[in-house]
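> let me see the structure of the following:
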Amino acid sequence: MFSLKALQKNKTVRYGVPMLLLIVGGSFGLREFTQIRYDSQRIKRKLDPSLEAKVNIEKQPVMLEEEYEKLRDLNLDNWKNIRGPRPWENSKEYQEQQRSSQNKE
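Residues are numbered from 1 along each chain as shown. Model (predicted):
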């Protein structure tokens, strides 16, 4: 029969078996680590009950006719395109300036 020295000299046993153990064991280890990641994300996503109630209210089905009525009431003929601020401009001041110039017209 095979002796221990014969198994130690065999390249398959010496290199192949540890490699297979590393690959198979690594896949199980990675699964556990990724599961921890997803569990922590699920815990972070939990909302306050008051916010969750507001979110659930917004998930009610929207009727197309109701949305059409809302859009029909808006005055879409008299609008002006307002340019957003450049990165070097102060956005609050620029927006107030644009709004005041729009109200004058």
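
> shaky segments in this protein?
Counting by pLDDT under 70, the chain shows low-confidence ranges at 1-2, 47, 57-60, 102-105.

> next structured bit after the longest helix anywhere in it?
Longest helix of the chain, by residue count under DSSP state H: helix 17-44. Using DSSP states H and E, the helix or strand that follows helix 17-44 in sequence is helix 49-58.

> flag every buried residue along that next one.
Residues of helix 49-58 classed as buried by neighbour count (16 or more other Cβ atoms under 10 Å): none. Where you see a C-beta, it was placed from the backbone N, CA and C, and this is true even at glycine.

> moving C-terminal of it, what's the next helix or strand?
As assigned by DSSP H and E, the chain's next helix or strand after helix 49-58 is helix 64-73.

> show me how far that next one is from its chain's centre.
Remark: helix 64-73 is offset 31 Å from the chain centroid, using Cα atoms, centre = their mean, to the nearest Å.

> repeat that for stretch 44-64.
Counting by Cα atoms, centre = their mean, stretch 44-64 is centred 18 Å from the centre of its parent chain.

> start to end distance for it?
End-to-end distance for stretch 44-64: 35 Å, by Cα to Cα, to the nearest Å.

> quick check: the closest residue to R99 other than its chain neighbours vs S100, distance?
For R99, ignoring the flanking residues on the chain, the nearest one in space by Cβ to Cβ, 6 or more residues apart in numbering is I82 at 7.7 Å. I82 sits 11 Å away from S100, going by Cβ to Cβ, to the nearest Å.

> swap in G29?
In terms of Cβ to Cβ, G29 sits 62 Å off from S100.

> do the same with R45
Relative to S100, R45 is positioned 42 Å away (Cβ to Cβ).

> now swap in R42 and tell me
Taking Cβ to Cβ as the measure, R42 and S100 are separated by 47 Å.

> kindly report the same for V17.
Using Cβ to Cβ, V17 is found at 78 Å from S100.

> the two - which one has more neighbours?
V17 (12 against 9; other Cβ atoms under 10 Å).
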